[in-house]
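In: Give the three-dimensional model of this entry:
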Amino acid sequence: MTDPERPGADLLDLAYPYAMDAVAELERRTIEHRLRDADQDTANAFAAIVSGVRETLAALTVLDATAPPATLETTLLRALDEATRGTVKSRNRFERVRWLAAAAAVVVAIGAGVGVVVYRSADSGPTGLTAQMVLEQPDVMVKSVPVAGGGTLTVRTSARISAATVSFESVSAPPSNHSYQVWLIPLGGAARSAAVMTEVPASGPAMVTRFDAVDTLAITVEPVSGSPTPTGSVIASVNLT
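Out: Numbers count the residues shown, from 1 in each chain. Below is the predicted model:
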């Protein structure tokens, strides 16, 4: 039930699964429609939650099958908690804890040597991927395209497991208070976010993601917390098939 003293409270609860791409496409569109009609305070609070969750997940995108420090789980969950403090009241603590627990599961999976790096919709299939899994596939293909502003985007894809790695070479960091947002765009369909990156790894895959056969991968410059739909300039794009 919505708290009458907190307009849009249920919308803020939905920010957690939204940030983790754990909602179906129809629900995502409904959330984005409601967000456009929400008051500014609710919109800002929603963006703060999404930013906190995605920044944590983005930090995980540079990890592969490497055991993390023993304190990583505690540190990440504390960061998420700090990012959302003051936004979600105690009455809705159950929802917050439920999605923080999901984030904790990601950390635990990494500790077990599984590089879980990108969340998409709930029906996107297994999310446990590492860059090495993609690179070891017999059908792996490599495509490189120039990035606006300098540098190269390299995508390695495997149709066999419907997965791709994304790497950057000589690409500068996003402008101040901005991020690079990676989108998967189906033929004739709506773009869906695959990752929000506030930094570009100096070497190695920046991320790994599932994709569909007709997807195009595109990267835009967006606000630091990312955008529900592409709004900034496209700096690179590549067909994944």
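In: So if we follow the domain assignment, how does this protein break up?
Out: As assigned by the TED database, the chain contains the domains 7-60, 131-239.
In: Comparing these, which yields the minimum mean pLDDT?
Out: Ranked by mean pLDDT, these bottom out at domain 7-60, which scores a mean of 77.
In: circling back: please dump the domains of the chain into TSV; it should also carry mean neighbour count for every row.
Out: (Each C-beta comes from the backbone N, C-alpha and C, glycine too.) As requested, these are exported to TSV (neighbours: other C-beta atoms under 10 Å):
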stretch	mean neighbour count
domain 7-60	18
domain 131-239	18
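In: how close does Ala218 sit to Val182?
Out: Counting by C-beta to C-beta, to the nearest Å, the gap from Ala218 to Val182 is 8 Å.
In: got it, and Thr231?
Out: 14 Å.
In: Likewise for Leu129?
Out: Computed as C-beta to C-beta, the Leu129 to Val182 distance reads 15 Å.
In: likewise Gly226?
Out: According to C-beta to C-beta, Gly226 and Val182 sit 10 Å apart.
In: hey, what's in contact with both of those two?
Out: Ser193, Val196 (C-beta atoms under 8 Å, 6 or more residues apart in numbering).
In: So Glu199 sits against Ala173, correct?
Out: Yes: counting by C-beta atoms under 8 Å, Glu199 does reach Ala173; the two are 6.0 Å apart.
In: Double-check that Gly52 belongs to a strand.
Out: No: with DSSP: H, G, I helix; E, B strand; the rest coil as the criterion, Gly52 is helix rather than part of a strand.
In: in what helix or strand does Ser179 lie?
Out: Assigned by DSSP states H and E, Ser179 falls within strand 178-185.
In: Could you point out the helix or strand that follows that strand?
Out: strand 192-197.
In: which other helices and strands contact that next one?
Out: If contacts are counted by 3 or more C-beta pairs under 8 Å, 6 or more residues apart in numbering; DSSP states H and E, strand 192-197 sits against helix 40-60, strand 178-185, strand 205-210.
In: In the sheet, which strands lie alongside the last one, parallel or antiparallel?
Out: Here strand 205-210 has these sheet partners by DSSP bridges: strand 163-169 (antiparallel).
In: contacts for the partner strand?
Out: So strand 163-169 is contacted by 129, 131, 133-135, 147, 151-158, 182, 195, 200-201, 204-211, 217, 240 (C-beta under 8 Å, 6+ apart).
In: Could you export that strand as CSV, CA atoms only?
Out: Presented in CSV, the C-alpha positions along strand 163-169 are these (Å, rounded to 0.1, in the frame of the first residue of the first chain):
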residue,chain,number,x,y,z
ALA,A,163,27.0,-13.3,-25.1
ALA,A,164,29.5,-10.6,-25.8
THR,A,165,32.4,-8.8,-24.2
VAL,A,166,33.0,-5.1,-24.6
SER,A,167,36.5,-3.6,-24.4
PHE,A,168,37.9,-0.1,-24.9
GLU,A,169,41.3,1.0,-26.2
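In: Would you mind getting the angle between it and strand 178-185?
Out: For strand 163-169 against strand 178-185, the angle by axes from the mean of the first three to the mean of the last three C-alpha atoms, to 10 degrees is 150 degrees.
In: Let me see the ranges of the helices in the chain.
Out: 9-13, 15-19, 25-37, 40-60, 72-84, 93-111, 131-135 (DSSP state H).
In: Packing partners of the strand holding Ser179?
Out: Counting contacts by 3+ C-beta pairs under 8 Å, 6+ apart, strand 178-185 packs against strand 192-197, strand 205-210, strand 216-223.
In: wait, which of the ones you listed is closest to Asn177?
Out: Among these, strand 216-223 comes nearest to Asn177, with 7.1 Å by C-beta to C-beta.
In: about what we covered before: can you put the helices and strands packed on strand 192-197 in a markdown table and add distance to Phe168?
Out: Shown next, in a markdown table, are those (distance: least, C-beta to C-beta, whole Å):
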| stretch | distance to Phe168 |
| --- | --- |
| helix 40-60 | 14 |
| strand 178-185 | 9 |
| strand 205-210 | 6 |
